[in-house]
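*Asks:* Predicted model follows, preceded by the sequence.
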Amino acid sequence: MSESVLELELEAASGVAPYLQIREGIRMRIRDGRLPTGSRLPAVRALADQLDVAAGTVARAYKELEADELLETNGRRGTTVAAFGDAVARQTQAAAQQFAARIAELGADPEQALEMARAAVRGANGR
């Protein structure tokens, strides 16, 4: 795929660090489909120039998104969007396993723990 033009603007007055704005801007575009799987992102220096920030700022955002399995860096082929659904499924499974292990350690009632988890997820999603 060809390199994507990343329509991103930073808000200097927001008080949010530029790398966080970049990270969340890309994450949001992946989630809503504006950056589909396989899309090439601009090179670190190109995006840094576009946004008027240091290359390390963009590199940090890309690195964190790679750690979250949302981006893949493929040497000469550049940075691309990974399969979002796969990453979410893997991370959700890992979180569920950690939750189950902790509930077992505590000796908590599994049904009560599940109900608390459902309420927490609803709260986190604003419902």
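*Replies:* Noted; the coordinates are in hand.
*Asks:* So in this structure, where's the weakest helix or strand by average pLDDT?
*Replies:* helix 84-106 (a mean of 85; mean pLDDT, DSSP states H and E).
*Asks:* Could you list every helix and strand that that helix packs against?
*Replies:* Contacts defined by 3 or more Cβ pairs under 8 Å, 6 or more residues apart in numbering; DSSP states H and E place helix 84-106 against helix 110-124. Yep, even glycine has a C-beta here, placed from its N, CA and C like the rest.
*Asks:* helices and strands around the helix it packs on, which ones?
*Replies:* Looks like helix 110-124 contacts helix 84-106 (3+ Cβ pairs under 8 Å, 6+ apart).
*Asks:* Let me know the angle separating the helix it packs on from helix 110-124.
*Replies:* 140 degrees (axes from the mean of the first three to the mean of the last three Cα atoms, to 10 degrees).
*Asks:* Only the buried residues of helix 84-106, if you could.
*Replies:* Buried positions in helix 84-106, judged by neighbour count with 16 or more other Cβ atoms under 10 Å: Phe84, Ala87, Ile103.
*Asks:* My guess is the last one contacts Gln112. True?
*Replies:* In this case it means Ile103. No - using Cβ atoms under 8 Å, Ile103 is not in contact with Gln112, being 9.2 Å away.
*Asks:* Now do the domain split for the chain, please.
*Replies:* 12-82, 85-124 (automatic domain parsing).
*Asks:* Go through those and name the closest to Leu6.
*Replies:* domain 12-82 (5.6 Å; Cβ to Cβ).
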